[in-house]
Structure formats: structure tokens, C-alpha cells
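Chemist: model the structure of this input:
(2 chains)
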Amino acid sequence: MRLFIPLAITFVAGVIMILQFFVPATQSMGETLQEWYMIVASFAIFLGAVNLLHVHSRRIRFKGRNWKYSPVTIIGFSAMIITGIFFGIEPGKPFDFMFTQMMVPMGATMFSLLAFFVASAAFRAFRASNWRATLLLISAFVVMLGRVPIGAMIWDRIPLISEWIMQVPNLAGQRAVMIGAAMGMVATSLRMIFGIERSYLGGAD
Amino acid sequence: MKRILFVLPLLVFTGVIFAQSGGIASGDGGDCLIQSLTAEDAPNDAGGNIDLTWVVAADVALPDSMILERSDADGVWHPISTIAPVNGGKTDVNLDNGQEYSYRIVPFYSGTARSASAEATAVPQKQWIHKGRIGMLILLTLISLVIFYYIEQGKRGKDLYIRRIAGLTAVEDAVGRATEMGRPVLYIPGIMDMDDIQTIASMVILGRVAMKTAEYGSPLLVPTCRSVVMSVAQEIVKESYLKVGRPDAYQRESINYITDDQFGYAAGVDGIMVRQKPAAIFMLGTFYAESLILAETGRSVGAIQIAGTAMPSQIPFFIAACDYTLIGEELFAASAYLSKEPKLLGSLRGQDIAKLFFMIVIVLGVLTATVGEAWEPATKVADFLKTITRVE
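Modeler: Modelled structure (predicted):
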């Protein structure tokens, strides 16, 4: 019974989701299942919040490694919740102020780091160590040149070559990955729906 | 074979249930302003919708506005929309299936209603098969049959060759390295929720990795971006530790929720990497812009990194920054590959055969489309291939 019930739920839910894609008349069943998932996920948010508080309060209590960061997390978490509940989340309220003036800039800061990481990764990837890396380097150089005005100024065909590289060999490679991944998705789904893959339940027995 | 018996009726189902019609009715004429008004059951839906289209005559004085009206069961007309005096279309929604609905258009000149167009009627009905997806259903059924066939072959003990995947062979080495260095293993399951197939695949692999960390006695850290993923990961890791007989080594707090925010999560995981300096980092699942931020930070702390995703736009970043990358399908093959279970390996074989089938279809499609420029029959083959592979 320990295995049967989860396997039965997986099978029924999986078959309904496949059916609703091909049989429009059963779409409402699929939508209902998705609504159920949303309800379960909503409850799980509390689990996440409780886990966050539990992990960090435990770290403070036992003076775990780097525990001094934990009060910052708890204070930030509590401040957002308290201001949101007691003052509302409308523009001009403390919650909105903290969101737009602290959360958003911090997120943008993390995102902006990407530019530097791209530079360092490109430096490594574009080293002309063999003929394939050299080919990659040349392709990347042409694509970059074709996307800035100076490329067209040097030779008006460079943007066209850049576009061709992106639309033909690059797109072909991407589609190959997508087709392969789609096959993998089908196989994984079948393994799960028919109970062939059971490791997520703790074993194959 | 029992599973194949389940799939076969699906194939039959597609052939048998094919035709439904909600009826098409059109009204022509009126006083010639509305040349035609057509009402028909909306195709490929669960019912309750009627598609309306109208054509306005070109050589008459145009009205200021037009009102689209629908009659109720008592024959009383009710306006449902104000429409511009040009050709157009609209879908009337939230109707009762099986009931006949009539429509007409009333033109207004200087605020005065003129004679209405001819009526058009239709009956909304639910469809039992999506006609734009029949080709896909047939292909999916064939692929499923191939996969089940090889699963059966695997179960019967037939030796199935599976190519070596370097990234998966390195999993044990990575966990062993972490054990030798006395540092933790960091597992990042992507930033999407449990309704994403890549996250599901990642959770299955997590179970296998957790068995290794439990065997070797390495600490395992799993920071998650979604609460549901955290709950699932906790259960999977606990079961894995139980299975290898190390329930005492399981630490629930090691699998924790950070935040739903994409870059907040990236910042949190970067912090874990910099402070705890894991010796092995697994990044398996769905990743977006944070992929390179995570991979480069992991590289900077000297960890051996194994990444895998089916997101084509993130794969180059992982290839540039990680030691091993599972590309697309390899992510979904990982669980079977690591388990070495014959029936799971059989599914991999089936997956490869299905891929071969699509490669043949693509090559055939390219050839016939090219040859079709000079030889007409080849175009028909190309069109047929296009039809069966098109999905609406």
C-alpha cells in the first residue's frame, strides 16, 4: 500500500494530463488538477517560510558556522511580512518602499554581475586551443561584430553573415537539443506514469 | 506487454473518434450591408464557444457602428458586442453546449437602427479529439510502443548497449572527491517548481546522488527555490539515506528553502558556495539567467561541477563554466544511467530509437522538400511529413 497509492495517483494524474491535451472534452479535468496543484503549492509556501525560520533560528541558537548572517535574514523576512500585513502593499506603503528601493536594486545588482561572468566565461571558451575552439572564436567574433554598427561599416555583409550563423547552424543545433530533450521528457514521463521509475518513492521494491 | 496493450487502444481511439460538427450556418444578404454572417462551433475546444465572422459590403454607405446580437431561448434579441463597420470576427464564449444560438448584426446610422442582417445559427459542442494534434498523438503512441518494447527487452535480460555519458560517470568521482576533501556536496535543482519535467528529472537524480553521499558519508546541501521542491527533496533524500542504511546521517536542515526570487536565490546559493566551499556542485534542472552566475561562482571556489539542463540557451554557459555538462536528453537519461536497472536502461534504448526515427523523418523531409522543387510527387511526401509533425 505504501507504494501502490502514490503510484496510482501518479498514473491517474499523468493519464488525465495526457488525455486533456488530445481530448478537448477532458480539458476541465486537467484544469482541475492544475488548480489542485496550486492549492497544494500555496500550503507549501508556509512550509518554506517555517523551514527558513527554523534553519536560521537553529543556527543562531547553536552559534553555527556564519551564524551572524542569520539574524539579517530573519529581520528582513519579518520586516517584509509585518509591513505587508499591517500596512498593506499599495504604492507608498513601507512594504512597497522596501520592495522597490531594496529588493529590486539588489536583484538588479545580481543580474548585472552576469556581464562580468559572461566576460570571464567567454575568455575561457574562446581560447583558440584547437581547431574547434578556433571555429567557435571566429563565429562568436563575427556574430558580435554583426550586431554592432561598426560591423556594417567595415563590410555591409557582416550583419548578414552574423544572422545566417544565428539562424542556420545555431538554430539547427538548438533544435537538435530540443528534439532530444523532448524524447527524454516522453521517456521520463512514461517511466513515472507507469511506475517503472520508482526511485523518487525510495526504491524499486 | 501489458503496457503496450494500454497504448494500442489510444491509437485506435484516434482513428475512431474523429468527426464532430457543431454546424455552420450563415446568413446572407439582409439589406446588403452585411454580405454574410457566419456562425460555427469553435473547433478543438471543450465546447461553449461559437466563432462568428462577418463580411461588410464594399459598395454601400457604412454605418456609424454595428451591434452584434444573440437571441435567447424565447427568441428575444440581446446585444453582446459593439463592433466596427468592417470585416471581422469574434468568439462568443461561455455558452451552453447542445443549445442552438442565433446571431444577427444591427447597423446604426446616426443613432438609428436599420434593418438587421440575416440570422446565422450554430450549436456549441465539445470535441472528443483535437484535430490539430492527431499526428502528434500517432507519433507519441509509436514512440511509446518503441520505448515499452525496449523496456520489455531490458526486463528479459537482453544486453542493451548504452553509450558512455562522461558527466554521469563522473558523479561517483565528484562525491568521492568531496569525501576526501571533507567538504560538502551542493545540489542545485534549478529554479522551477515541481510541475516542470526537468525539476522532476532532477529530483530523481537527487535520489541517486543522495545514496552516494550517504554511502560515502559526505554532507549534502540542497538549497531550493520553491517550497514544494524543498518538501519533495527532503522526502527523496530521507528515503535514499534509509535505503542505504544510513538514516542517522540524514539532516533535514541541509535541504532548505531560500526564496522564490530568481536573483535572491542566486545570491543565497552563491553565499553558500563562498562560505561552505563545496567540493562538488551539481546543477541539474531548469535554469535561466542565473545559470552562469552560479556556475562561475562554483568554479571560483574550485568545486568539480556537473551541470545539466534542457534549456538550449543556458547550455553554452554550463559548457563554458562547468567540468561536465549533461546536454538536453542526457539530463533525463541520468537516473536510468546511474541506476543500471535493465528496465530503465531499456527505456533509454527506446528513447534513442525514437530519436533515430525523427532524424530519418527530418532528413527525408529536407530531401523531399528539395527534390519537390523539380519533381511534384516528392512535394506530396514532404507535405505529408509536415502534416503529421505539425502541432497546433
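Chemist: got the confidence number for residue B:329?
Modeler: For residue B:329, the pLDDT comes out at 90.
Chemist: around residue 62, count how many other residues there are.
Modeler: Picking chain A for this. Taking other C-beta atoms under 10 Å in any protein chain shown as the neighbour definition, residue A:62 ends up with a count of 9. From N, CA and C alone the C-beta is placed, and that goes for glycine too.
Chemist: should've been chain B
Modeler: By the criterion of other C-beta under 10 Å, residue B:62 has 15 neighbours.
Chemist: and the gap between it and residue B:41?
Modeler: Distance of residue B:62 to residue B:41, given as C-beta to C-beta, to the nearest Å: 30 Å.
Chemist: same check, this time on residue A:128
Modeler: Distance from residue A:128 to residue B:41, by C-beta to C-beta: 62 Å.
Chemist: who has more neighbours out of those two?
Modeler: residue B:41 (24 against 12).
Chemist: next, the buried residues of the lengthiest helix in chain A.
Modeler: Longest helix of chain A, by residue count under DSSP state H: helix A:27-61. For helix A:27-61, burial by neighbour count (16 or more other C-beta atoms under 10 Å in any protein chain shown) applies to A:27, A:29-30, A:33, A:41, A:44, A:48, A:51-52, A:55-56, A:59.
Chemist: how about that helix and chain B, any contact?
Modeler: Yes - counting by C-beta under 8 Å from any C-beta of the partner chain, chain B has neighbours in helix A:27-61: A:27-28, A:34, A:37, A:40-41, A:44-49, A:51-52, A:54-55, A:58.
Chemist: just put the buried residues of helix A:27-61 in CSV and tack on pLDDT.
Modeler: Formatted as CSV, those follow (pLDDT from 0 to 100):
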residue, pLDDT
A:27, 91
A:29, 93
A:30, 93
A:33, 93
A:41, 86
A:44, 85
A:48, 92
A:51, 93
A:52, 94
A:55, 93
A:56, 94
A:59, 92
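Chemist: of the residues you listed, closest to residue A:198?
Modeler: In terms of C-beta to C-beta, no member of the buried residues of helix A:27-61 lies closer to residue A:198 than residue A:33, at 21.4 Å.
Chemist: which ones are touching that closest one?
Modeler: Residues counted as contacts of residue A:33 (C-beta atoms under 8 Å, 6 or more residues apart in numbering or on different chains) are A:13, A:16-17.
Chemist: helices of the stretch 101-250 of chain B, residue ranges please.
Modeler: B:134-155, B:166-181, B:197-216, B:227-243 (DSSP state H, counting those that start in this stretch).
Chemist: just chain A next, same as before
Modeler: The residue ranges that make up the helices of chain A, judged by DSSP H, are A:4-22, A:27-61, A:69-87, A:94-98, A:104-125, A:131-146, A:149-154, A:158-165, A:171-193.
Chemist: for the fifth one, the distance to its chain's centre please.
Modeler: If I follow you right, that is helix A:104-125. 17 Å (C-alpha atoms, centre = their mean, to the nearest Å).
Chemist: same check, this time on the shortest one
Modeler: Between the centre of helix A:94-98 and the centre of its host chain there is 26 Å, according to C-alpha atoms, centre = their mean.
Chemist: elements contacting it?
Modeler: Helices and strands touching helix A:94-98, as assessed by 3 or more C-beta pairs under 8 Å, 6 or more residues apart in numbering or on different chains; DSSP states H and E, comprise helix A:69-87.
Chemist: avg pLDDT for the helix it packs on?
Modeler: pLDDT averaged over helix A:69-87 gives 94.
Chemist: buried ones in that helix?
Modeler: Buried residues in helix A:69-87 (16+ other C-beta under 10 Å): A:70, A:73, A:80, A:83-84.
Chemist: which ones are touching residue B:254?
Modeler: Counting by C-beta under 8 Å, 6+ apart, residue B:254 touches B:219-222.
Chemist: so which of these is the most crowded?
Modeler: With neighbours taken as other C-beta under 10 Å, the top of these is residue B:220, carrying 28 neighbours.
Chemist: skip the chain neighbours and tell me the closest residue to that residue.
Modeler: residue B:213 (4.3 Å; C-beta to C-beta, 6 or more residues apart in numbering or on different chains).
Chemist: and residue B:72, how far is that from chain A?
Modeler: Distance, residue B:72 to chain A, using C-beta to the nearest C-beta, to the nearest Å: 25 Å.
Chemist: which residues sit in contact with that residue?
Modeler: Contacts of residue B:72 by C-beta under 8 Å, 6+ apart are residue B:78.
Chemist: what about residue B:82, is that helix, strand or coil?
Modeler: The local conformation at residue B:82, judged by DSSP: H, G, I helix; E, B strand; the rest coil, is strand.
Chemist: my guess is it meets residue B:63, correct?
Modeler: No - with contact defined as C-beta atoms under 8 Å, residue B:82 and residue B:63 do not form a contacting pair (11.4 Å).
Chemist: output the below-cut-off pLDDT ranges for the chain.
Modeler: Using chain A here. For chain A, applying pLDDT under 70 flags the ranges A:202-205.
Chemist: switch to chain B, please.
Modeler: In chain B, residues with pLDDT under 70: B:1-31.
Chemist: the same query, at a cut-off of 50, please.
Modeler: B:7-8, B:10-23, B:28-30 (pLDDT under 50).
Chemist: tell me the phi and psi of the residue nearest to residue B:147 when sequence neighbours are not counted?
Modeler: Nearest-residue entry for residue B:147: residue B:350, 3.3 Å, with adjacent residues in sequence omitted and distances by C-beta to C-beta, 6+ apart. Phi and psi for residue B:350, reported as degrees, to the nearest 10, are phi -60, psi -40.
Chemist: tally of neighbours for residue B:350?
Modeler: When counting by other C-beta under 10 Å, one arrives at 27 neighbours for residue B:350.
Chemist: hmm, it is touching residue B:142, no?
Modeler: No - contact criterion C-beta under 8 Å: residue B:350 and residue B:142 do not qualify, at 10.9 Å.
Chemist: grab the nearest non-local neighbour of the residue most central in space within chain A.
Modeler: Nearest to the mean C-alpha position of chain A, counting by C-alpha atoms, centre = their mean, stands residue A:111 at 14.1 Å. Nearest non-adjacent residue to residue A:111, counting by C-beta to C-beta, 6+ apart: residue B:263, 5.6 Å away.
Chemist: and for residue B:175?
Modeler: residue B:212 (4.3 Å).
Chemist: what number of residues lie near residue 110?
Modeler: Here I'm looking at chain A. 20.
Chemist: oops, wrong one, chain B.
Modeler: Neighbours around residue B:110, by other C-beta under 10 Å: 6.
Chemist: wait, what's in contact with it?
Modeler: Contacts of residue B:110 by C-beta under 8 Å, 6+ apart are residue B:64.
Chemist: how far away is it from residue B:199?
Modeler: 61 Å.
Chemist: of all the helices of chain A, which one is nearest residue B:117?
Modeler: Comparison of the helices of chain A against residue B:117 by C-beta to C-beta identifies helix A:27-61 as nearest, at 32.8 Å.
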